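1. Could you work out the structure for the sequence below:
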Amino acid sequence: MDYRIQGKVKPRGEISVGGDKSITHRGLILGSLAEGVTVLKGYSRGRDCASTLELLKTMGIDIVETDGILTVTGRGRFGLTEPDNILDCGNSGTTMRLFAGVLAGQDFFTVLTGDASLRKRPMDRVINPLRQMGAEIRARALGRFAPLCITGRNLTGLNYEMPIASAQVKSAILLAGLHARGETIVREPILTRDHTERMLEYLGADIERTDGHVIRVSGGRRMKGREITVPGDISSAAFFLVLAAIAEDAEVRITGVGVNPNRTGILDALRAMGADICVANPRLMGNEPVADLVVKNSRLKAVTLSGNIIPRVIDEIPVLAVAATQAEGKTVIRDAGELRIKETDRIRAIFEGLRKMGAAVKEDREGLTIEGPVRLRAADCASFDDHRIALSLTVAGLIAEGETVIRNAECVAISFPEFAEKVRALTTAETLVQKGD
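-> Residues are numbered from 1 along each chain as shown. The predicted structure follows:
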């Protein structure tokens, strides 16, 4: 399926975005490990979260969907049952890495695999600390790549200083710590998203966050199921934040978005560029901060993004590169080499797409340099089967001259299946047409 996009839109109006993908993963997993019922409202319907849901069902967890609400009947920390087949994580790195932590301490054998893209992503960063806790995990290419063969063992708490900042690695270790003897301590070099810690605290786990960079969790504490309302995903909202900032005469309100401080790097980056963004109606939902975001078309200026902000914007860098094409001056993005080992090489993918559209963009090993503003022109672009590349280039197409085509745009369903519908709600029905369904 391809997207055909008519450019030069003037988006105006109010939308919501799908539930936060990261929080949905964790709500499903921790709800299953808790005792009693966890109710998930506003959950993500993306394919990645569906992978997590299906794996839990395969291991005996009762999950029922009714009127847009998921009811998870938890069976406690050791309530999962051994599957009779390989567990397929699809394209979801979060699913594979978090389940590695959960399954390392279970009393059975499992194999985790995924699609061709996921089988190329590094898993040793999770496997190595889990092995230090006593886990028995074997993997392809001398322990680097999936499939992962996991034989559950009795685990021991670990004091681990992370060599790289990764919320997925941190979460895997904390989840393993729930099943371990004693205390597990994780020290982060840079703060990453803390949805796992917040939800563990909310469900009653024995967890402590000290100076922000150190998290302690003790095994053995029972968790109790609770109602969780999942806020809108700020990584999904990012595409409309950028679109409204760069499209002529735009004004968009996005309601009910999660504004966890470790996820709002996109707001900080866009504000540094001069974007007119208002955070309205702040509130707390299920231990997560939520607000409405109002953004208007603005005159943007170039910035340098590097260092500590990069882990807070790593998922949004492709769409920030689109914003940079409309900013005055030279925008430099550094320290983002992690993007080269995502679903695709995102530095190369966004570079190639924007260059086709006439952007003045250069790539290097760790990032991008973009000069603007430039008038983007319509082009026929590859998605590289990567949802964030397809979504980012669609935003570029929405301000370009003429009709832009994004090939193989069905990958958008991995994180944001409602995207086309939301674009049409702010523009017209003809703005974005899906061909070849």
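
2. how about the helices in the stretch 201-350 of the chain?
-> Counting by DSSP state H, counting those that start in this stretch, the stretch 201-350 of the chain has helices at residues 234-246, 265-272, 310-313, 317-324, 346-356.

3. got the ones you listed as TSV, with distance to residue 410, mean pLDDT and mean neighbour count columns?
-> Where you see a C-beta, it was placed from the backbone N, CA and C, and this is true even at glycine. Compiled in TSV, these are given as follows (distance: least, Cβ to Cβ, whole Å; pLDDT from 0 to 100; neighbours: other Cβ atoms under 10 Å):
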stretch	distance to residue 410	mean pLDDT	mean neighbour count
helix 234-246	17	98	27
helix 265-272	25	97	22
helix 310-313	26	91	23
helix 317-324	18	98	28
helix 346-356	16	98	22
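
4. Could you dump those into TSV with distance to residue 398 added?
-> Below are the helices of the stretch 201-350 of the chain laid out as TSV (distance: least, Cβ to Cβ, whole Å):
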stretch	distance to residue 398
helix 234-246	6
helix 265-272	17
helix 310-313	21
helix 317-324	10
helix 346-356	14
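
5. Of the ones you listed, which is nearest residue 142?
-> Proximity to residue 142, assessed across these by Cβ to Cβ, is greatest for helix 346-356 (25.9 Å).

6. Contacts for the closest one, please.
-> Counting contacts by Cβ atoms under 8 Å, 6 or more residues apart in numbering, the residues outside helix 346-356 that touch it are 317-318, 321-322, 325, 336-337, 339-340, 361-363, 367-368, 370, 376, 379-382, 384, 386, 388-389, 392-393, 396.

7. swap in stretch 121-136?
-> Outside of stretch 121-136, the residues within contact range by Cβ under 8 Å, 6+ apart are 93, 96-97, 100-101, 104-105, 137, 139, 143-146, 148, 150-158, 160, 163-164, 166, 168-169, 172-173, 176-177, 180, 184, 341-342.

8. Which positions in that stretch come out as buried?
-> 121, 123, 125, 126, 127, 129, 130, 131, 133, 134, 135 (16 or more other Cβ atoms under 10 Å).

9. Take the residues you listed and keep only those in helices.
-> Judged by DSSP state H, those include 125, 126, 127, 129, 130, 131 as members of helices.

10. Which pair of these spans the longest distance?
-> Farthest apart among these - using Cβ to Cβ - are 125 and 131, which lie 11.7 Å from each other.

11. any idea which helix or strand carries the spatially closest residue to residue 86 that is not a sequence neighbour?
-> In space, and not counting its chain neighbours, residue 86 is closest to residue 111: 4.6 Å by Cβ to Cβ, 6 or more residues apart in numbering. In this assignment (DSSP states H and E), residue 111 forms part of strand 109-113.

12. Determine how far that strand lies from the middle of the whole chain.
-> Taking the mean C-alpha point of strand 109-113 and that of its whole chain, the gap between them comes to 23 Å (Cα atoms, centre = their mean, to the nearest Å).

13. list the helices and strands that strand packs on?
-> Taking 3 or more Cβ pairs under 8 Å, 6 or more residues apart in numbering; DSSP states H and E as the contact definition, the neighbouring helices and strands of strand 109-113 are strand 87-88, helix 93-103, strand 145-151.

14. Highest mean neighbour count out of these?
-> helix 93-103 (a mean of 27; mean count of other Cβ atoms under 10 Å).

15. By neighbour count, sort out the buried ones in the contacts of stretch 121-136.
-> Neighbour counting over the contacts of stretch 121-136 (16+ other Cβ under 10 Å) leaves 93, 96-97, 100-101, 104-105, 137, 139, 145-146, 148, 150, 152-153, 155, 157-158, 160, 166, 168-169, 172-173, 176-177, 180, 184, 342 as the buried ones.

16. ok, the lowest-mean-pLDDT helix or strand in the chain: who's next to it in the sheet?
-> Ranked by mean pLDDT, DSSP states H and E, the weakest helix or strand in the chain is strand 432-435, scoring a mean of 88. With DSSP bridges as the test, strand 432-435 is paired with strand 2-6 (antiparallel).

17. any chance you could map the strands in the stretch 201-350 of the chain?
-> Listed from the start of the chain, the stretch 201-350 of the chain has strands (DSSP state E, counting those that start in this stretch) covering 207-209, 214-218, 227-229, 251-258, 276-285, 288-296, 300-301, 304-305, 327-333.

18. Quick one: closest of those strands to residue 69.
-> For those, distance to residue 69 was read as Cβ to Cβ. The smallest value, 9.5 Å, belongs to strand 227-229.

19. Pull up the pairing partners for the closest one, direction included.
-> Strands that pair with strand 227-229, judged by DSSP bridges, come out as strand 35-41 (parallel).

20. Now the strand it pairs with: average pLDDT?
-> Throughout strand 35-41, pLDDT has a mean value of 97.

21. and the angle for that strand with strand 276-285?
-> Counting by axes from the mean of the first three to the mean of the last three Cα atoms, to 10 degrees, strand 35-41 lies at 150 degrees to strand 276-285.

22. Show me what whatever helix or strand comes next after strand 35-41 is packed up against.
-> For strand 35-41, the succeeding helix or strand toward the C-terminus, using DSSP H and E, is helix 47-58. With contacts defined as 3+ Cβ pairs under 8 Å, 6+ apart, the secondary structure elements packing on helix 47-58 are helix 21-33, strand 62-66, strand 87-88, helix 93-103.

23. the inter-axis angle of helix 47-58 versus strand 35-41?
-> Computed by the same axes, to 10 degrees, the angle between helix 47-58 and strand 35-41 is 160 degrees.

24. Same question for helix 47-58: list its buried residues.
-> By neighbour count with 16+ other Cβ under 10 Å, helix 47-58 contains the buried residues 47, 48, 49, 50, 51, 52, 53, 54, 55, 56, 58.

25. related to what we said a few turns ago, now distance to residue 11 too, for the helices and strands packed on helix 47-58, in JSON lines please.
-> JSON lines is the format used below for the helices and strands packed on helix 47-58 (distance: least, Cβ to Cβ, whole Å):
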{"stretch": "helix 21-33", "distance to residue 11": "23"}
{"stretch": "strand 62-66", "distance to residue 11": "31"}
{"stretch": "strand 87-88", "distance to residue 11": "37"}
{"stretch": "helix 93-103", "distance to residue 11": "30"}
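
26. For residue 265, which of these is the nearest?
-> Among the helices and strands packed on helix 47-58, the nearest to residue 265 by Cβ to Cβ is helix 21-33 (14.0 Å).

27. Pull out the CA atoms of that closest one and give them to me as PDB.
-> What follows is helix 21-33, C-alpha atoms only, in PDB (Å, rounded to 0.1, in the frame of the first residue of the first chain):
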ATOM      1  CA  LYS A  21       3.200   2.400  22.600                       C
ATOM      2  CA  SER A  22       5.700   2.200  25.400                       C
ATOM      3  CA  ILE A  23       3.100   2.400  28.100                       C
ATOM      4  CA  THR A  24       0.900  -0.100  26.400                       C
ATOM      5  CA  HIS A  25       3.700  -2.700  26.200                       C
ATOM      6  CA  ARG A  26       4.400  -2.200  29.900                       C
ATOM      7  CA  GLY A  27       0.800  -2.200  30.900                       C
ATOM      8  CA  LEU A  28       0.200  -5.600  29.200                       C
ATOM      9  CA  ILE A  29       3.300  -7.200  30.600                       C
ATOM     10  CA  LEU A  30       3.100  -5.800  34.200                       C
ATOM     11  CA  GLY A  31      -0.700  -6.400  34.300                       C
ATOM     12  CA  SER A  32       0.000 -10.000  33.400                       C
ATOM     13  CA  LEU A  33       2.600 -10.300  36.200                       C
END
